[in-house]
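*Asks:* Quick one, fold the following:
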Amino acid sequence: MAPVSAPKIRKLPASLNGVAWLIANQSEAEALSGSKIKSEGDFFKVAKKILEKGVERVVITRGDKGLIYFTKSGEAGVLLPPVIPVLDVTGAGDALIAGILYAFLKGLDIESCCKIGTACSIITLQSYETVNPALNSQELQETFRKYFSKGVTQH
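*Replies:* Modelled structure (predicted):
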């Protein structure tokens, strides 16, 4: 589930049992949890509150500070994005979500899912198009290798 705005979150039921993924920005996560995020640690406190509503996996995006993820099984982490030239942010969030779900359907772990999603977002940010026409399997693999392979320096 990807909420469309913080005000519309209030229309969700108290129980979110059956929701496999919730991918939200900071204001949406705050609205859903009923808590403010004032420090880095608060992201995980808010994610935990969302998990308690029945969601299995929570991703909270933090703009140019990347994202955090937290699962019911206790997996948690922070993914910092590389510094890249940004042409337009339009579509980057949708590309992130699409990439995360694509990787999940391929059977990848949550960290890898978030890295694939971020790679899709990186490709999108480097285009004036809402959907970068260069976003394909080969470009995704190259971007993933460039920024997320072990031993590779991030630029």
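*Asks:* Now the worst-scoring helix or strand of the chain on mean pLDDT: buried residues?
*Replies:* Lowest mean confidence among the helices and strands of the chain (mean pLDDT, DSSP states H and E): helix 6-9, at a mean of 82. Going by neighbour count (16 or more other Cβ atoms under 10 Å), the buried part of helix 6-9 is 6, 9. For the C-beta atoms, the positions are set from N, CA and C on the backbone; glycine is no exception.
*Asks:* Rounded mean pLDDT for the biggest helix by length in the chain, please.
*Replies:* The residue-count maximum for a helix in the chain (DSSP state H) belongs to helix 110-125. Computed over helix 110-125, the mean pLDDT rounds to 96.
*Asks:* Where does pLDDT dip in this protein?
*Replies:* For the chain, applying pLDDT under 70 flags the ranges 150-155.
*Asks:* ranges for the helices of it?
*Replies:* Counting by DSSP H, the helices of the chain are 6-9, 26-33, 40-51, 92-105, 110-125, 137-148.
*Asks:* can you pull the contacts of residue 65?
*Replies:* When contacts are counted by Cβ atoms under 8 Å, 6 or more residues apart in numbering, residue 65 touches 80, 81.
*Asks:* Please report how far it lies from residue 76.
*Replies:* For residue 65, the distance to residue 76 equals 16 Å [Cβ to Cβ, to the nearest Å].
*Asks:* Over to residue 58?
*Replies:* Plainly put, residue 58 is 9 Å away from residue 76 if you go by Cβ to Cβ.
*Asks:* Check residue 116 too.
*Replies:* Taking Cβ to Cβ, one finds residue 116 at 18 Å from residue 76.
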